[in-house]
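Asker: Got a predicted structure plus its sequence, pasted below:
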Amino acid sequence: MRLSGDGGAGGRGVGDPPPPERVRGSAANRWVPWVAVAAVVLFFAGVLWPPLLGLAVVITCTAVSSLVLFRRSKPTLVRACVAIALWLAVGLSGAWWLQFAPAGGLVSIVLALFLLPLPLIPWLYARTFEEPDADAAGGVGSSAAASGGPAADDARHATRVGDE
Amino acid sequence: MTLLAALLILAAAIAWWGLRRARTATDYFAAGRRAGAWLVGVAGTAAALSAFTFIGGPGLFVVAGVGSLWIVLSAPLTGALQCWAVGEPVVALARRRNAVTIPELIGMRFGGAPAPRAAAAAVIVIGCVASLAVQARAAAVLGEDFLQIPGVTAAALAMLATTLYTALGGMRAGLLADALQGAVMAVVAVVLAVAAIAAAGGPGAVVATLQRSRPELLGAFGATPPAQACAWFLLFCVGTCAQPHYLQKFLFLRSTSELRRLPAVLTLALALTLTVWIGVGLGGAALVAQGAVAIGQPDDLTPRTMEFIGPWAVLLAGVGVLAALMSTAASFLNLAAAALTRDLPEAAGRAPGGLGSARLATVVVAVAATALGVFSERSVALLGIAGWGFFTAALLPVMTLGWHWPRLTTRDDVAARANARAATAAILAGAGMALALELLRPMLPPGLEPGLAGAAMGVLVLVGVGSRKTRVRRLT
């Protein structure tokens, strides 16, 4: 599920045909603004109705974590992002549920939101880490594509999808 | 005074070491790009955590209760989040193009256009000077509350020591000093947290005391409205991707593979140091409820709790606060010097200044910020608004959405110029909105954090311009 057309090492299964650059970039171009605007709307709406702010936290934190999928997309990385979304959803729901329980509320947030994920999330990162390709490393539009360097035309071409 | 004198000697030694090694801009601004994950992780955490962690944070617990902990609850996620969202592309692009500053990278992302680079540099100068003034003020308070010396003397000596090694050795010296200070902060934080909880009778007694005397401080949100708690979580979670003193540390890594261990180091250092917030907050609040400690204002909680524990705790807390404010100040000094002598001149089409001008800029910024912080309380109150939220509002949209959205990358020169203008507008609109809302903060509803609102504005600007470009093309 590579989202961009940056041409780097991807998470495509063995034997899967590569999706056309235009399709991959177009998908990202369609989804990104909707997710971004949804997070913004939820944030402002959440000021009026706090449960929506909790939803904004889950969506925004997951979306920012998921930006890595633009550069490299592997099933383990997708699962890591889903795990983060679930952790946040469960932790925030628990806090909401126990907000009036003096000791229970304190213990729930310290355990569920702080102590338990403390070793797990860095481990998830290390497990999903991979040395990036030289061309893909800088992300969409960075490196040569954005710098105007000698390889700019090729890189820009690779990341142009969806602009037309 | 003995402590400060020892500090000056140590700072002079580090400055001498750094002076002999900082020979190029990469040495001076990017620590020679030869640091490993441990050094960068511990130093990054030290730079990110200011004196607020030791004084303001625990003090906030007395007012907001458990709700104040929502500022630090995102700590398990922030290390990985930073590396996924910004660390990996920043390290890769910085190494490929030998970039040594964050505004330089932002300029490269938008086709080398000068405007986004200049806007980012201006934001960094404003935010750094403001934050430095707050650190100088914190040093003055430290002198009066912990070290029993005049505040002006404490602020001058702390800033002198920091300026000495930062100006002479750049981040070659700054990184080493930050890492040492980070290690000291982590150890001191754990010791003070355990001591405060023990002084209040242990964890069970702390909860029982608060449940009996101040139940409103407990629960999942304490005395904080849930919307405010969620907004704090969000601001201090995604905001880490926009803090220049955090982002700067990615430029120091010697290889991309160091990123694998970096979140673990960042998380460990952060979790250890933040124990002081939780431990002294809970233990100190329980001691206040028991009547063992009396405080006039929330920020008195840490000093009075330490006095109750004993002189060794006062001295240790002083060391921790000093390490926290010096490590934060060193990074801001170097960032401001880089923006003033490299980014702004280059964005204006002039040659960047050399190391001599960077050293001079470091000294000038330090003197100006110290004078502001020590002699004008009103200025500090105003400048305090240009901190974490200000950087989040200005830089988060560009560093996340702006960096990754394919539509903002193009070979079309007209569209590239439009994207650069959008990035500049997003930076300025976000910063402006955050500052305006900060001035109106007393009137804002809970949850409407100015930094988040500014970032939201920047996101809308980027999305609006990116989408507009497509419509124009379809028409043509």
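Answerer: Cool, the structure landed.

Asker: For stretch B:149-167, list the C-alpha coordinates in CSV.
Answerer: Extracted C-alpha coordinates of stretch B:149-167, given in CSV (Å, rounded to 0.1, in the frame of the first residue of the first chain):
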residue,chain,number,x,y,z
ILE,B,149,22.4,33.9,45.4
PRO,B,150,21.0,37.0,43.6
GLY,B,151,18.9,36.1,40.6
VAL,B,152,20.9,38.4,38.3
THR,B,153,24.1,36.8,39.2
ALA,B,154,22.7,33.3,38.7
ALA,B,155,21.2,34.2,35.3
ALA,B,156,24.4,35.9,34.2
LEU,B,157,26.7,33.0,35.2
ALA,B,158,24.4,30.3,33.7
MET,B,159,24.1,32.2,30.4
LEU,B,160,27.8,33.0,30.4
ALA,B,161,28.8,29.4,30.8
THR,B,162,26.3,28.3,28.1
THR,B,163,27.4,31.0,25.7
LEU,B,164,31.0,30.2,26.3
TYR,B,165,30.9,26.6,24.9
THR,B,166,28.1,27.3,22.4
ALA,B,167,29.8,30.3,20.8
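
Asker: need the contact list for the spatially closest residue to B:His245 that is not a sequence neighbour.
Answerer: Among residues not flanking B:His245 along the chain, B:Ser331 sits closest, at 4.0 Å (C-beta to C-beta, 6 or more residues apart in numbering or on different chains). Just so you know, the C-beta spots here come from the backbone N, C-alpha and C atoms, and that holds for glycine as well. B:Ser331 is in contact with B:47, B:174, B:178, B:245, B:248, counting by C-beta atoms under 8 Å, 6 or more residues apart in numbering or on different chains.

Asker: Any stretches of the chain with poor pLDDT?
Answerer: Going with chain A. A:1-26, A:132-164 (pLDDT under 70).

Asker: was after chain B, sorry
Answerer: For chain B (pLDDT under 70), the answer is B:1, B:3, B:377-386, B:411, B:468-476.

Asker: circling back to that earlier point, of the contacts of B:Ser331, buried ones?
Answerer: B:47, B:174, B:178, B:245, B:248 (16 or more other C-beta atoms under 10 Å in any protein chain shown).

Asker: Kindly reformat those as CSV containing secondary structure.
Answerer: Listed next are these as CSV, based on DSSP: H, G, I helix; E, B strand; the rest coil:
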residue, secondary structure
B:Ala47, helix
B:Gly174, helix
B:Asp178, helix
B:His245, helix
B:Gln248, helix
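
Asker: would you turn the residues you listed into TSV with distance to B:Gly202?
Answerer: Below are those laid out as TSV (distance: C-beta to C-beta, whole Å):
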residue	distance to B:Gly202
B:Ala47	34
B:Gly174	40
B:Asp178	34
B:His245	37
B:Gln248	41
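
Asker: which one of these sits closest to chain A?
Answerer: Nearest to chain A among the buried ones among the contacts of B:Ser331, counting by C-beta to the nearest C-beta, is B:Gln248 at 17.2 Å.

Asker: and the stretch 301-450 of chain B, which residues reach chain A?
Answerer: Proximity of the stretch 301-450 of chain B to chain A (C-beta under 8 Å from any C-beta of the partner chain) is limited to residues B:400-401, B:403-412, B:415, B:445-448.

Asker: I'd like to know which of those residues are part of strands.
Answerer: Using DSSP state E, no member of these falls within strands.

Asker: All the helices of chain A, residue numbers only.
Answerer: Using DSSP state H, the helices of chain A run over A:21-48, A:50-65, A:75-97, A:102-108, A:117-128, A:143-147, A:152-158.

Asker: So B:Leu73: helix, strand or coil?
Answerer: B:Leu73 ends up coil, using three-state DSSP.

Asker: Quick check: chain neighbours aside, which residue is closest to it?
Answerer: Of all residues not flanking B:Leu73 in the chain, A:Leu113 sits nearest, at 4.6 Å (C-beta to C-beta, 6+ apart).

Asker: follow-up on the earlier one: can you tell me which of the helices of chain A is nearest to B:Trp84?
Answerer: helix A:50-65 (5.4 Å; C-beta to C-beta).

Asker: Which elements pack onto the closest one?
Answerer: helix A:21-48, helix A:75-97, helix B:75-82, helix B:226-238 (3 or more C-beta pairs under 8 Å, 6 or more residues apart in numbering or on different chains; DSSP states H and E).
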